[in-house]
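In: Fold the stuff below for me.
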Amino acid sequence: MFSNPQVSVDDLPAVEQVVWQPLDRRYAPRLVLGRLIRVGLFVAAALGITLFANAGYLEWLPPEGLVAGWVALALWSLRSLVWPLVSVPYRGYAVRDKDILYKHGVWWRNIAVVPFNRVQHAVTGSAPLDRRFGLAYLTVFTAGSGGGDVSIAGLAEDVAEQLRVYIVHKLRRSAEPEGGEGN
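Out: Here you go, the predicted structure:
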């Protein structure tokens, strides 16, 4: 018969008991480099606009607009380059017997818990810049509606693959019939 007894709040494990694994130390520099490339492209575009404006091709653009644009670009660039150094230490993951957890967020902190019995499959991947730094990401896809999937970027390539293999192994074990191999 089905039973679903209530659990006392006092019996719940404390979140502080979770031993969080930090992301790879190379992840913040990788993000900074990626953003530095993006900033360089925006600076090149802004420089082109400034040269065209100074040559008289953009008469409709006032000099104050150029100055405001450069100030906005400088502030955005500074925030883009510093933010990974601030945000990456707030990210982490934990693998437990029945689930995987991922935390992130500086201002608004989130913890995602994915029970292995809801996992459909797991994949690893990497972008060219990730491979240059020896990093990869792990994405765990869940059954049911979207939003339950978790992607953990900033893992060392070997760690991402070990986690993927572990999760796939858990899926295979849970798919086996009760009592072993069958008849």
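
In: domains of this protein?
Out: Using automatic domain parsing, the domain parsing of the chain gives 27-88, 91-174.

In: Now the first one: average pLDDT?
Out: For domain 27-88, mean pLDDT rounds to 93.

In: Would you mind measuring the gap between the ends of it?
Out: Its first and final residues considered, domain 27-88 spans 8 Å by Cα to Cα, to the nearest Å.

In: got it, and stretch 49-60?
Out: For stretch 49-60, the first and last residues are 12 Å from each other (Cα to Cα).

In: Kindly report the same for stretch 89-105.
Out: By Cα to Cα, the extent of stretch 89-105 from end to end equals 9 Å.

In: in the lengthiest helix in the chain, what's buried?
Out: When the chain is parsed with DSSP state H, its longest helix is helix 27-54. By 16 or more other Cβ atoms under 10 Å, the buried positions in helix 27-54 come out as Y27, A28, R30, L31, V32, G34, R35, V39, A46, I49, T50, A53. (Each C-beta comes from the backbone N, C-alpha and C, glycine too.)

In: hmm, back to that, dump the domains of the chain to JSON lines, plus distance to W20.
Out: JSON lines is the format used below for the domains of the chain (distance: least, Cβ to Cβ, whole Å):
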{"stretch": "domain 27-88", "distance to W20": "13"}
{"stretch": "domain 91-174", "distance to W20": "4"}
